[in-house]
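Asks: Provide a 3D model corresponding to the input given below.
(2 chains)
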2 protein chains.
Amino acid sequence: MAVSDLLWRYAVKRFDPNRTIDSETWSRIEQSLVVTPSSFGLQPWKFFVIHSPEMKAKLSAISWNQSQPSDCSHMVAMAAMHTVSEEYVDRFIQSACKARNSPPESMEGYRRVILGFLKQKQGQHLSWATNQVYIALGQLMSTAASLKVDTCPMEGIVASEYDKLLGLENTEYHVVVGCALGYRHADDKYAQAPKVRFDPNEIIQYI
Amino acid sequence: MAVSDLLWRYAVKRFDPNRTIDSETWSRIEQSLVVTPSSFGLQPWKFFVIHSPEMKAKLSAISWNQSQPSDCSHMVAMAAMHTVSEEYVDRFIQSACKARNSPPESMEGYRRVILGFLKQKQGQHLSWATNQVYIALGQLMSTAASLKVDTCPMEGIVASEYDKLLGLENTEYHVVVGCALGYRHADDKYAQAPKVRFDPNEIIQYI
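Replies: Numbers count the residues shown, from 1 in each chain, chains lettered A, B, ... in the order given. Okay, here's the model as predicted:
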């Protein structure tokens, strides 16, 4: 990835509603979500990709009437796990044993470490899982930029209404942030606005 | 960025202590930290890049004796803001006016929106800022991978001891996560282990 891609990226205010991400490009973006790193590799998330125009319009209504969800090509609602159960960990361990062709005994130590960690974090799984979701958000935006796909990260959504619409009420998953993907509208004046960042010396210290 | 870079990436267990990231490559990685997107563009973070062998060795001791901080080339300790003050917002607005050559009045509306948001989030700034730091972590790891630089994200650190060592006690910033960067050791067997991920159908739902 060229740094120029990261400089090209900005938070799109106005998407071109007539442009759609093609399926080959989308499959690469999907792949970036799938392989996102997470603590212990637990992937405590679900990603909802909303492509249907009717549903996207409904999302704008529960996103403070911002136009990005309806005008973008693919809207991703990112959900984090509320409680990571022992059953979930066992399912993860099974998937690891399968991928690595190892017997369950070989991962028993790792399983215990994970369960110990989760016990210690009891009541705070959601904020820990939310952190992991934001890794996915960061990787999603940089991957999209490298493919010249525009994005807009969206915290300004009514997450509880997203949960309702996506059928997540009373489930283990809750929407915590969104990301709209597509192509900038030719008239989006923010595309030309210089990036606002503190001087590197103010935020990076070398030791 | 090619998806193959993201597949190449893994959480390095053992870095080659004899390999250093050259300054041109590092400057690109630094740039990715600087331009990381954040909520409102507020950049509620500081990044400490530890390159000195003595300091890196000290970090391993406060990272459950894991070898990554001492053996990697550059260890980044990522700190989030505890409380985002009105003064900080004003400093951000000033930097925006300067970058965009606009008068302060033109950004007064934006300033008020930010202050309203922060007031509503009172007492929760750190978790909000931590989310933003994890965007930086995601972008850092994907940028590094695209430059064939290895990483290991590290939540297994004693953050309060990092704060102490970096002089962050009683400041507005607190270390929340680390990331070691460098080059994998030829003998790190985890480099060959197949990636463990749930089936895309289990974590991505299309609507």
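Asks: name the nearest residue to residue A:31, ignoring sequence neighbours.
Replies: Nearest non-adjacent residue to residue A:31, counting by CB to CB, 6 or more residues apart in numbering or on different chains: residue B:3, 4.8 Å away. C-betas here are computed from N, CA, C, even on glycine.
Asks: wait, doesn't that neighbour sit right on residue A:28?
Replies: Yes - applying CB atoms under 8 Å, one finds residue B:3 in contact with residue A:28, separated by 5.1 Å.
Asks: any common contacting residues for those two?
Replies: Any residue near both residue B:3 and residue A:28 by CB atoms under 8 Å, 6 or more residues apart in numbering or on different chains counts here, and that gives residue A:143.
Asks: what sits up against whichever helix or strand residue A:162 is part of?
Replies: Using DSSP states H and E, residue A:162 maps to helix A:159-165. By CB under 8 Å, 6+ apart, the surrounding residues in contact with helix A:159-165 are A:55, A:58-59, A:62, A:77, A:79, A:168-169, A:174-176, A:178.
Asks: check contacts around the residue in chain A that chain B sits nearest to.
Replies: Among the residues of chain A, residue A:138 lies nearest to chain B; the distance is 2.3 Å by CB to the nearest CB. Counting by CB under 8 Å, 6+ apart, residue A:138 makes contact with B:36, B:134-140, B:142.
Asks: which helix or which strand is home to it?
Replies: Secondary-structure element containing residue A:138, defined by DSSP H and E: helix A:125-146.
Asks: any idea how far stretch A:32-42 is from the chain center?
Replies: For stretch A:32-42, the distance between its averaged C-alpha position and the chain's averaged C-alpha position is 11 Å (CA atoms, centre = their mean, to the nearest Å).
Asks: which one's the longest strand in chain A?
Replies: Under DSSP state E, the strand in chain A containing the largest number of residues is strand A:173-182.
Asks: hang on, the earlier thing: let me see the mean pLDDT of the helix holding residue A:138.
Replies: With pLDDT averaged residue by residue, helix A:125-146 scores 98.
Asks: got the angle between that helix and strand B:173-182?
Replies: Interaxial angle of helix A:125-146 relative to strand B:173-182 (axes from the mean of the first three to the mean of the last three CA atoms, to 10 degrees): 50 degrees.
Asks: okay, buried residues for helix A:125-146 please.
Replies: Neighbour-count burial for helix A:125-146, with 16 or more other CB atoms under 10 Å in any protein chain shown as criterion, is recorded at A:125-126, A:128-146.
Asks: same question for stretch A:74-94.
Replies: So for stretch A:74-94, counting by 16+ other CB under 10 Å, buried means A:74-81, A:84, A:88-89, A:92-93.
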